[in-house]
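Colleague: okay, predicted coordinates and the sequence, questions at the end:
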Amino acid sequence: MRFPEFIGEWKVERLGDIIEFKAGYAFPSSGMLNAKSTYQLIKMSNVYRNELRLDRNPSFWDRVNVKQTEFLLKKGDTILTLTGTVGKKDFGYSVQINEDDKYLLNQRLVLLREKKGKSVNGFVGQVVSNEKFLDDFFEIAKGGTGNQTNVGIEGIKNLSFHFPFEPEQRKIAEFLDLIDRRIQTQNKIIGELKVLKSTLRNRLFHDIINQRYKDLLIKDVLEYEQPTKYLVSTTDYSSDRSLVPVLTANKAFILGYTDECFGIYDKSDCIIFDDFTMDMKYVNFQFKVKSSAIKILKPKPGVNLKFVFEYLLFLNLQSGEHKRHYISEVEPMIIALPNIDLQDDTAEFLSSIDKKISIESEVFSLLLKQKQYLLSNLFI
């Protein structure tokens, strides 16, 4: 798939002849700051599934010496993750940098910067985000030892790809950049909706508390079930969404899918609650779970489960130590429980925002799929 004004064969080029590679620097943890400073360190955790996630475990650096200035990132640079678990393919992710001299490159990442006169700025970033590159990348990873593998720069340099001449490179890079901007905008829409929901939730529950409704303990409104009957037998998960999802209460939520047809939770809506981390998810579909540390929470009569779930999120439960929390700390908590009509109205209102977030998230997923489709067809 090409723009109609271009003809002729693309040239096969070795990546090492087109791109300058530079491994990240091992910045000492003793110099990292927790509060925002001059530079933010870009670490493995910040390059998440081809997104630059600056909010994930942020670290900052106040000033750089002469050596460290070599690791300041420039607009148009591409960075690539080198370390991960081979079977899970949880590395090989890349992002492009859109600002000058704001970020520093940490170890276990590699900088890819186009050589002058060899490639149009931004084109190589698109090359390394397509499936052809990732397939070759993981082939290199298979040659490593053990499950945890660090891909070497020399192996990446020797990969060969087809490159068009500069005008076509520029056209492709500009076109895909427009799609990237649309993806970024969609991500921002989702983020703003989540902030809106959190703000409104806090307002609603502060009002409910101030109205002095009946105080009840969590154990008076929720009952729990141990997950033993619903534990998955194997962690060899499938990606087939027609199968039964395997859940966790943390950010990952759906770990994968299983074809096991026994021990499936298929009752009414519930909350899955991680007894150690106090992470929780509202679930309205059948599932299995991986961990025995999860408690399955269900409502008692006269209680709207979604209302209580949002109330628990409002309470912002956090774990300070590695122990089970639900029975000893959560069940004795006091909440203000209004009448069932107000519970229903509150739950329905917050659920309407959830539905909007879900719709926008689906648009985001479709945009990502569109980008991958174009990458697969634009590059040989």
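Modeller: Done, it's in. Computed from a prediction, not measured in an experiment: that's the story for all the values here. Residues are numbered from 1 along each chain as shown.
Colleague: so what does the helix or strand hosting residue 205 touch, helix or strand wise?
Modeller: Taking DSSP states H and E as the criterion, residue 205 maps to helix 166-210. Applying 3 or more CB pairs under 8 Å, 6 or more residues apart in numbering; DSSP states H and E, one finds that helix 166-210 contacts helix 123-127, helix 305-315, helix 340-378. To be clear about C-beta, it is placed using only N, CA and C from the backbone, and glycine gets the same treatment.
Colleague: show me how far the second one is from its chain's centre.
Modeller: Pointing back at helix 305-315 there. When C-alpha coordinates are averaged (CA atoms, centre = their mean, to the nearest Å), helix 305-315 and its chain have centres 23 Å apart.
Colleague: buried ones in that helix?
Modeller: Residues 305-314 are the ones in helix 305-315 that count as buried (16 or more other CB atoms under 10 Å).
Colleague: cool, the first one as well?
Modeller: Of the residues in helix 123-127, 123-127 count as buried by neighbour count, 16+ other CB under 10 Å.
Colleague: so who does residue 306 touch?
Modeller: Contacts for residue 306 (CB atoms under 8 Å, 6 or more residues apart in numbering) come out as 269, 282, 347, 350-351.
Colleague: okay, now the sheet partners of the helix or strand following the helix holding residue 205, with direction.
Modeller: Counting by DSSP H and E, the element after helix 166-210 in chain order, helix or strand, is strand 214-217. Within its sheet, strand 214-217 is paired with strand 334-337 (antiparallel), according to DSSP bridges.
Colleague: what's next to the strand it pairs with, contact-wise?
Modeller: 208-209, 211-218, 221, 303, 308, 311, 315, 343.
Colleague: nearest to residue 106 among those residues?
Modeller: residue 315 (34.9 Å; CB to CB).
Colleague: where does pLDDT dip in this structure?
Modeller: 34-36, 84-91, 142-149, 380 (pLDDT under 70).
Colleague: quick check, central residue of it?
Modeller: residue 48 (5.6 Å; CA atoms, centre = their mean).
Colleague: against residue 50, how distant is the residue lying closest to that residue once chain neighbours are set aside?
Modeller: Leaving aside its chain neighbours, residue 48 sits nearest to residue 56 (6.2 Å; criterion: CB to CB, 6 or more residues apart in numbering). Distance of residue 56 to residue 50, computed by CB to CB, to the nearest Å: 14 Å.
Colleague: cool, residue 24 as well?
Modeller: 18 Å.
Colleague: mind giving me the ChimeraX select for the contacts of residue 306, buried ones only?
Modeller: Selection of buried members from the contacts of residue 306 for ChimeraX, criterion 16+ other CB under 10 Å:
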select :282,347,350
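Colleague: mind putting the contacts of residue 306 into a markdown table with distance to residue 358?
Modeller: Below are the contacts of residue 306 laid out as a markdown table (distance: CB to CB, whole Å):
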| residue | distance to residue 358 |
| --- | --- |
| 269 | 16 |
| 282 | 12 |
| 347 | 16 |
| 350 | 13 |
| 351 | 10 |
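Colleague: please parse this protein into its domains.
Modeller: Following automatic domain parsing, one finds the domains of the chain at 11-164, 165-198+341-380, 214-337.
Colleague: out of these, nearest to residue 3?
Modeller: Checking these against residue 3 by CB to CB gives domain 165-198+341-380 as the closest, at 5.4 Å.
Colleague: so what's the gap between the closest one and the chain middle?
Modeller: Using CA atoms, centre = their mean, the offset of domain 165-198+341-380 from its chain centre is 13 Å.
Colleague: how about stretch 117-134?
Modeller: Centroid displacement of stretch 117-134 relative to its chain, using CA atoms, centre = their mean, is 22 Å.
Colleague: what's in contact with that stretch?
Modeller: 17-19, 50, 76, 78, 80, 89, 92, 94, 96, 112, 114, 159, 161, 163, 166, 169-170, 172-174, 176-177, 372, 375-376, 378-380.
Colleague: relative to residue 4, which of the domains of the chain is closest?
Modeller: domain 165-198+341-380 (10.7 Å).
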